[in-house]
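>>> my questions concern the predicted model and sequence given below.
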Amino acid sequence: MSSQLKKPLDIWINEDLLLPDIRPVPLLMHLSPPETNPELQFWNLLRDKLPELVKIHRFTHLADAGNIVVIPHSISSYYILKKEDQLNKFRRQVLGAKRTLVTFASGMEFNSFQGEIFFSAATYRDKKEKLIPTPQWIYDLGEKVNISKPSIPTVGFVGNVEYPSRINSLILRYIKFSDSMVNWMAGNPFVNRNLNLGRRRLIARLVRKKVINEVRKTKNLQTSLIERKGDFFDLPVEEKKRQRAEYLENIENNAYILTMRGDDNSCYQLWEVMSAGRIPVFIDTNKSLPELRGMKWEDFCVIVPFSEVHRIGDYIQAFHDKLSDDDFVEVCRKSRAAFDQLLPHNFVVRILEIIAKSPN
């Protein structure tokens, strides 16, 4: 822990913004009951650690709050519950009162307010970018059975490609999007943060269709690609279980797994692939990733710029060819080690360091 964190950091939360039965942000996880799902128990490590790192104060009137005010849940939770007006009014009040405001987002696209410390999974490499990249903590698959280096790179993918929409289908019927136009749209923060979810799903479809089509053209890869339509979370329980099992089996059986943006510039599959100790093939749409300590993303990840996706077979083959059998095992180990480094009970210290250094 840095010298600035020798004692717990005092943070304030507004009682009126607490949402029952909704997961709180990482700084407040010890206010919620422990997880029992094995794929979610990594949150319990954070719960155990937080009491020594933060001291929580509650208030209803802003005048009673101290310097650091934290929005207690991901900003997307308020939007889903149609409480965004209440939330955004409060955010402006906190900043107007010269308090430090700390806000977390999941993978949805949002703009931060001037002076707000905003942690997000959907970030961009842009000189005007103010959002701070964070991991997208979904599940910890647990390091899967060790896999030996295959003679031919095995590449897997299971995920949405179609994103059905009548309006988007009409757009695609009458407008021809060039690869350069798709590349620009996919990696542009202004475009993404000012389009609604439906229009961003058009971007997701264009990106994913292009990637899958280029992978299918390759002659040097052994592929296992499963394309899906519709919303996974709207499926019947048994079908969800079947598709989830198919998804996990695909990760376990392949050395390399395609990871790419969906309806925002983030990708939860990236983190699940790393948790399983597999090698992500990350389709880069101008995304800013969290900094790693003691390693680089290129050490365990095949990074393919979207503008170069027509050469994806060359990128994977070049990465694969430079690895001995032992090197391959080490790369898989590094993928899992990077995930461990970025788990919330470890990453929270970086979050607190950033907040503590705030000029407010």
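Structure's in. What do you need?

>>> separation between the residue nearest in space to the middle of the chain and residue 270?
Residue closest to the mean C-alpha point of the chain, counted by CA atoms, centre = their mean, is residue 136 at 3.2 Å. Per CB to CB, to the nearest Å, residue 136 is found 7 Å from residue 270. For glycine as for every other residue, the C-beta is placed from the backbone atoms N, C-alpha and C.

>>> so the closest residue in space to residue 235 that isn't next to it in sequence, which state does it fall into?
Nearest residue to residue 235, sequence neighbours excluded (CB to CB, 6 or more residues apart in numbering): residue 243, at 6.9 Å. Counting by DSSP: H, G, I helix; E, B strand; the rest coil, the backbone at residue 243 sits in helix.

>>> I figured residue 243 hits residue 228, correct?
Yes: contact criterion CB atoms under 8 Å: residue 243 and residue 228 qualify, at 7.3 Å.

>>> now for these two: what residues contact both?
Listed as contacting both residue 243 and residue 228 by CB atoms under 8 Å, 6 or more residues apart in numbering are residue 158.

>>> that older thread, for the closest residue to the residue nearest to the centre of the chain other than its chain neighbours, which residues are in contact?
Of all residues not flanking residue 136 in the chain, residue 121 sits nearest, at 4.0 Å (CB to CB, 6+ apart). Shown in contact with residue 121 (CB under 8 Å, 6+ apart): 105, 106, 107, 133, 134, 135, 136, 264, 266, 268.

>>> for the worst-scoring helix or strand of the chain on mean pLDDT, packing partners?
Here the helix or strand of the chain ranked lowest by mean pLDDT, DSSP states H and E is helix 166-174, holding a mean of 84. The elements that helix 166-174 packs onto, with contact taken as 3 or more CB pairs under 8 Å, 6 or more residues apart in numbering; DSSP states H and E, are helix 197-217.

>>> just checking, what packs against the helix or strand following the helix it packs on?
Using DSSP states H and E, the helix or strand that follows helix 197-217 in sequence is strand 222-228. Counting contacts by 3+ CB pairs under 8 Å, 6+ apart, strand 222-228 is packed against strand 154-160, helix 197-217, helix 237-253.

>>> reformat those as JSON lines; add mean neighbour count and distance to residue 145.
What follows is these, written out as JSON lines (neighbours: other CB atoms under 10 Å; distance: least, CB to CB, whole Å):
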{"stretch": "strand 154-160", "mean neighbour count": "21", "distance to residue 145": "14"}
{"stretch": "helix 197-217", "mean neighbour count": "19", "distance to residue 145": "24"}
{"stretch": "helix 237-253", "mean neighbour count": "14", "distance to residue 145": "7"}
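
>>> I am finished for the moment; much appreciated.
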